[in-house]
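[1] Quick one, fold the following:
(chains A and B)
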Amino acid sequence: MMNGKRWIWGCLRFAAACWIIQLYMGDSSQAAQAAQAKKPPIPLQELVDRARPGEVVRLKAGDYAGPVVIGKKLVLQGEDGTLLVQDSRGPAITVKAEGVEVRGLAIRQKAEGEGSAAVLVRADKAVLRELDIRTRGSGILLREASGGRIEDNVITWDRAGARLSLGQKGNGIDLYGSPDNRMIRNEIRNMKDGIYLENSRSLTIENNRIYGSRYGIHCMYIDGTRIAGNRGESNFTGAMVMGVKDIVLSDNVFTKQSQNVHAQGILLYDVRTSLVERNRVDGNRVGIYLERSSDNELRDNAVYRNFIGIQFADAERNRIHGNDFVANVIEAEAAQSGENRIERNYWDSFQGLDLNGDGFSETEYAMNPFYKNLISRTPAFQLFFQSPGMTFLSDMVEEDRKRWARDASPSMHLLHPDLDPALEPEQDPVAEQRERIPEKTFMLIIASMLFAGSLVVIIYSRGAKS
Amino acid sequence: MTDLLQVAKKELKIGFRNPWAYSFLLLFSVFGLSLLLVNSQNRIGGYSGITGSMLNLILYLLPLMALFLGSFSLTAEKEEGSWQLLSTYPLGTVPFLLGKYAGLAIVLLTILSFGYGLMGLVTVLLGKAFEINTYLLFFFFSCGLVLLYLALALWIGALSKNRWQAMTISVMVWFFTVIGWTTLLVAVLGLLPYLWIKPVLTVLTLLNPAEFVRLFVVVKLGGGSVLGPEYYQWVGWIQKPGGSLLFALLFIVWAACTIFGVCRIWERGRTRG
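    Predicted structure coming up:
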């Protein structure tokens, strides 16, 4: 018996040893193969120097070494597996000629520091498309470059590098003095600012997605720009717009910007005559923040589940109408602000009175700041949000009513049900499973069970003999 | 155990002979239908101002209902002398009170089921939107609230001599825990050193069934963010599946402690009275 056991053990050990040896051999032979395949990277500059102006340089899959300076008009076209690696400081690709196009490359910028960009453009009409950039510095820099197109790129922070705070990283896309550029469908992750725009006019920023960065879109002095359809998640601030005139900020979605004490969905500072419409700000610390801004129009936005829905500081002559404010802890807050016209918005905590049936209440909604003042002194009391006692208490304290933020004719109904975050398909992965039993049938079954059960109990207890 | 069942059965029978039960049943059904109307304006999923005010309406009515029915049932025992009679039998205090609790709980839950059942049927018939999740959560919220307040009600019933006293104390408890709670706490906690406020508030919240049940439902409805950064951790705990378990545990501990207290009071009355 003992012998038999020992024999089995021996066999098992032998098998295990064989397996391990084989693993090791397999591994080493694979490594050898890889080493064979891994040729030294081709210096890209040589290829570019050899190309004639106007030529299309096709880069086969494989490793290429930066840096490269493109000083003539040409197209640099990569394919799946084309990788440009830059180990030294300075940009991997510098574009110095008009009309250069770079597309389909993967770029690894391995040197740290803001100046170490993956791509630096110093010429007009550049096209950067489908680049996959991983950087330890900046992503794409445009300096005095106009009329360019930056489309469908992915820019991420290289986590393998040193662990830096957000402020020490570079920006995803960074423009200075570069008017008339278009940035479309880029995806940017974990950079300082997703898209940083300074001293540039007439830009188009559309359908970009920015996650985990400091500011999603950061604008300084960019007049006449259009920012539309972008999406920011878990950034400190979704869109920080400063010192601009005549911009359009529309159809953007900024959610879950609440980790930082200064986090906002949309921040407007020193913004004039601009239009903010159909944006969705959901789950931020402050939904929309306006400071020193005047003559703007904010309409048809969906402001959901923010700590403060909309906040004004020193802002005047703005028009805020047709917005939905839902489940915000503090709906609106105004400090030292002159006349802002707030009207025809929907406020979920307000029950209005519509006499003429036009869908808007004839009684105004004055927002009692009692709760706000209470929790700004003692944040722990936020536990009392909309508790029954709180409603009583704030109704009792109605001092200084003239200075409350107010909506002259609030809407009776939700104005933009289509912007409700609950409608987002990705937020509800179980929806598909639920479809198996229609909700109505399920409801019917449960309701009838409850109703019938209660009747049975009543009848039984009435009829039971003692 | 058979004693317990007997008492519960008797309680159930008396409960549905009691006109109070039917008036509450009617009141709650009408109330449920009006909740439905309130909610029909609400096209937003999850937590919103409207679900918040619906929760508040429930918070006003249900605790009062549970307190009245529960405390009157115990004082009636004293006033009508049936307890004196029962005392002559070998019936323990614990089975007696647990039986009472069980019987009354069934009466109250029946009222709730009737109201919610009606509400659900009307919802289905009229095709008004009431999310099934919200509906079920509200139902469980109501049940939890009623069961906890029922335990409190037994306490009140054990302490009071007659119905009038029971009613006075019930209204007092109701007012204190539901309406005056915020005002009182804001006033009293304001006097404490700043760093004490949150821990003391936390402990007091765990003591008030109306508050902790409400907060649980608010978080489960996805409105956790309204509690702000101070309570992110709580919200994290509650939203995990373990959160419901933790809540159930808190619920059981709370109810058990209260009923244990009632037993002590009742036992003392038995040996001395």
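[2] from here on, contacts and neighbour counts on C-alpha atoms
    OK.
[3] Count the residues that sit near residue 263.
    Just going to use chain A. 23 (other CA atoms under 10 Å in any protein chain shown).
[4] wait, I meant chain B there
    Neighbours around residue B:263, by other CA under 10 Å: 21.
[5] Tell me if I am right that residue A:358 is in a helix.
    No - if the criterion is DSSP: H, G, I helix; E, B strand; the rest coil, then residue A:358 is coil and not within a helix.
[6] chain center to the helix or strand in which residue A:77 is found: distance?
    Taking DSSP states H and E as the definition, one finds residue A:77 inside strand A:75-78. Taking the mean of its C-alpha atoms, strand A:75-78 sits 30 Å from the chain's own mean (CA atoms, centre = their mean, to the nearest Å).
[7] Convert stretch A:390-397 to CSV, retaining C-alpha atoms only.
    C-alpha atoms of stretch A:390-397 as CSV (Å, rounded to 0.1, in the frame of the first residue of the first chain):
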residue,chain,number,x,y,z
MET,A,390,-35.8,70.4,7.3
THR,A,391,-38.7,71.3,5.2
PHE,A,392,-40.5,72.7,8.2
LEU,A,393,-37.5,74.5,9.5
SER,A,394,-36.6,76.3,6.3
ASP,A,395,-40.2,77.3,5.8
MET,A,396,-40.1,79.0,9.2
VAL,A,397,-37.0,81.0,8.5
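[8] Quick one: distance of that stretch to the chain centre.
    Distance, centroid of stretch A:390-397 to centroid of chain: 37 Å (CA atoms, centre = their mean).
[9] Which neighbouring elements make contact with the helix or strand just after the strand holding residue A:77?
    Next helix or strand after strand A:75-78 toward the C-terminus (DSSP H and E): strand A:82-86. Here strand A:82-86 touches strand A:62-65, strand A:106-109, going by 3 or more CA pairs under 8 Å, 6 or more residues apart in numbering or on different chains; DSSP states H and E.
[10] residues near residue A:396, how many?
    Neighbour number of residue A:396 under other CA under 10 Å is 10.
[11] Please read the previous query as pertaining to residue B:253.
    Using other CA under 10 Å, residue B:253 has 12 neighbouring residues.
[12] tell me which element it is part of?
    helix B:241-272.
[13] Can you list the buried residues in that helix?
    B:243, B:251, B:254-255, B:258-264, B:266-267 (16 or more other CA atoms under 10 Å in any protein chain shown).
[14] Check stretch A:381-400 too.
    Judged by neighbour count (16+ other CA under 10 Å), stretch A:381-400 contains these buried residues: A:381, A:382, A:383, A:384, A:385, A:386, A:387, A:388, A:389, A:390, A:391, A:393.
[15] give me the subset of the residues you listed touching chain B.
    Contacts with chain B within the buried residues of stretch A:381-400, as defined by CA under 8 Å from any CA of the partner chain: A:381, A:382, A:383, A:384, A:385, A:386, A:387, A:388, A:389, A:390, A:393.
[16] Make sure I have this right: the second one is in a strand.
    No - note on residue A:382: no strand contains this position according to three-state DSSP, which reports helix.
[17] Just give the nearest non-adjacent residue to it, would you?
    In space, not counting the residues next to it along the chain, residue A:382 is nearest to residue B:227; the distance is 5.5 Å by CA to CA, 6 or more residues apart in numbering or on different chains.
[18] mind listing what the one you found touches?
    Contact criterion CA atoms under 8 Å, 6 or more residues apart in numbering or on different chains gives A:382, A:383, A:385 as the residues in contact with residue B:227.
[19] what residue ranges in the chain score low on pLDDT?
    The chain I'm using is chain A. Within chain A, the ranges that satisfy pLDDT under 70 run A:1-38, A:114, A:257-262, A:335-338, A:421-437, A:464-466.
[20] could you do chain B instead?
    Ranges of chain B meeting pLDDT under 70: B:41-49, B:128-130, B:222-226, B:228-229, B:270-273.
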